[in-house]
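In: no FASTA, just this:
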């Protein structure tokens, strides 16, 4: 019989074109964001043999389209509860359509909520959104951290997320590719700024600082299609952790994510 401790996770999609992560316990099935069409998220769930009608809640991180595109459609079609902080609710209201009052819930920044048998803690990040927040999932002394869409990772956040069993951590761009690429200078400045996105190097240095004895999995998230490659992101993370004498490949593993394909459903 399968061990029921901990919980299961799949990164359904991660990238500049859309983001969604699935978390499952014996009692609850949750999404973090629904940044693709309802049809695409249904297809991604199908890749791990799950169905949208079984979802209990969608936890929204912030109002950018690549995180909320399918939120309204899924909530209306399947009666799914949606959780976000007040400023995010206000910022995304015109872009997700009507959500029934009984499905609208508030998840305030810096708070912890319990969903059945799993605890979820929100923490703030530095991004050009109304009040962006990400989440740590905790059950049976196991934890998984979602940290993307931030220009940098503060000491306070590092304290909140330290020594998790698994991480989805931002590796948005390769600095050289971004600087030499076709983006207008104003967009490059936004991405490189304190309220933009972490580079491969930034994400690797954060991972090196926060991972601990419990850490077994690091997933590289929110890669830019235009300014990054999986191989470069993976190599940067791997090399940075090797240089700091951290146990890549035996104490923990580094995994890639994809904007169009779900990862395997893995147990934390």
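Out: It's in. What you see is a predicted model; the values in this text were computed from it and never measured.

In: check which helices and strands the longest helix anywhere in the chain sits against.
Out: Ranked by residue count and defined by DSSP state H, the top helix of the chain is helix 230-243. Packed against helix 230-243, as judged by 3 or more Cβ pairs under 8 Å, 6 or more residues apart in numbering; DSSP states H and E, are the following elements: helix 200-210, strand 217-221, strand 253-256. (Each C-beta comes from the backbone N, C-alpha and C, glycine too.)

In: now the residue most central in space within the chain: which helix or strand?
Out: The centre of the chain sits closest to residue 146, judged by Cα atoms, centre = their mean, with a distance of 4.1 Å. Element membership of residue 146 [criterion: DSSP states H and E] is strand 142-147.

In: related to what we said a few turns ago, any idea of the mean pLDDT in the longest helix of the chain?
Out: Averaging pLDDT along helix 230-243 gives 97.

In: in that helix, which residues are buried?
Out: The neighbour-count check on helix 230-243 (16 or more other Cβ atoms under 10 Å) flags 232, 233, 234, 236, 237, 238, 240, 241 as buried.

In: the fourth one against residue 202, yeah?
Out: No - under the criterion of Cβ atoms under 8 Å, residue 236 is not in contact with residue 202, lying 9.8 Å apart.

In: buried deepest among the helices and strands packed on helix 230-243, which one?
Out: strand 217-221 (a mean of 24; mean count of other Cβ atoms under 10 Å).

In: quick one: list the elements packing against it.
Out: In terms of contacts (3+ Cβ pairs under 8 Å, 6+ apart), strand 217-221 is packed against strand 166-170, helix 230-243, strand 253-256.

In: where in this structure is pLDDT low?
Out: Where the chain drops to pLDDT under 70, the residues are 1-3.

In: recalculate using a threshold of 80.
Out: 1-4 (pLDDT under 80).

In: all strands for it, in order.
Out: Along the chain, counting by DSSP state E, strands occupy 8-13, 20-24, 29-32, 57-59, 81-84, 104-106, 112-115, 118-124, 133-139, 142-147, 166-170, 217-221, 253-256, 266-267.

In: now those strands in TSV, with distance to residue 65?
Out: Formatted as TSV, those follow (distance: least, Cβ to Cβ, whole Å):
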stretch	distance to residue 65
strand 8-13	13
strand 20-24	13
strand 29-32	16
strand 57-59	15
strand 81-84	15
strand 104-106	20
strand 112-115	25
strand 118-124	21
strand 133-139	17
strand 142-147	18
strand 166-170	17
strand 217-221	17
strand 253-256	23
strand 266-267	28
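
In: of those strands, which is nearest residue 40?
Out: Closest approach to residue 40 among the strands of the chain (Cβ to Cβ): strand 8-13, 7.7 Å.
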